[in-house]
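>>> sequence first, predicted coordinates after that:
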Amino acid sequence: MNIQKFILKLLNIHLNNNYENITSFFYYRRPIDLLHKKMNQPKKAIEFAENWKQKIPKFSHYFNLRIASIALESNTKRKNGLRAISEYIKNYKKDFPISLEKAKQIEQKLK
C-alpha cells in the first residue's frame, strides 16, 4: 500500500470514529484534497465530499464549495458541481468562505 492510500485510510478511520465531535471542516478538507490533488482522483474526491455532506449538514456550504471547485478545476462531474454551487448560492450567508459574487462566477463557469 502506498503512503497516500495509507494516509487516506487513516483519515477515513478518524472521520468515521469521530465525526460527531469534529468541529472544523479542516478534517474533511484534507482527504478531499488528498484524493483530488495528490492522488489525481477528482471523481472520488467529489463522491467523498457528497457522502460526508449528507452525514454532516452543518458543513454543507464548505462541501458544496469544494465539490464545485473540483468539478470546475478538473472538468469532471460538472452537473454535481453546478448543483453544489447553486445550493451554496441559495443558502448563502455573509460568513461563508467566498462571496456571493465569486460563487456566481463559479456557477457561470460550470454552466
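Now that the structure is in, tell me what you want to look at.
>>> could you report the distance from F25 to F63?
8 Å (C-beta to C-beta, to the nearest Å). Heads up, the C-betas are built off the backbone N, CA and C, glycines and all.
>>> the helices in the protein, which residues?
Ranges of helices within the chain are 3-18, 26-33, 42-55, 60-74, 78-90, 100-110, based on DSSP state H.
>>> among these, which is the most enclosed?
Compared across these, helix 60-74 shows the largest average neighbour count, a mean of 22 (mean count of other C-beta atoms under 10 Å).
>>> please verify my assumption that M39 contacts L8.
Yes. Contact criterion C-beta atoms under 8 Å: M39 and L8 qualify, at 7.4 Å.
>>> per-residue pLDDT, the closest residue in space to R29 that isn't next to it in sequence?
Spatial nearest neighbour of R29, excluding adjacent residues (C-beta to C-beta, 6 or more residues apart in numbering): R66 at 6.8 Å. Here, the pLDDT recorded for R66 equals 97.
>>> residues in contact with R66?
R29, I32, A45, A49 (C-beta atoms under 8 Å, 6 or more residues apart in numbering).
>>> tell me the spacing between it and N2.
For R66, the distance to N2 - C-beta to C-beta - is 23 Å.
>>> what of I98?
Counting by C-beta to C-beta, the gap from I98 to N2 is 33 Å.
>>> do the same with Y28
Counting by C-beta to C-beta, the gap from Y28 to N2 is 22 Å.
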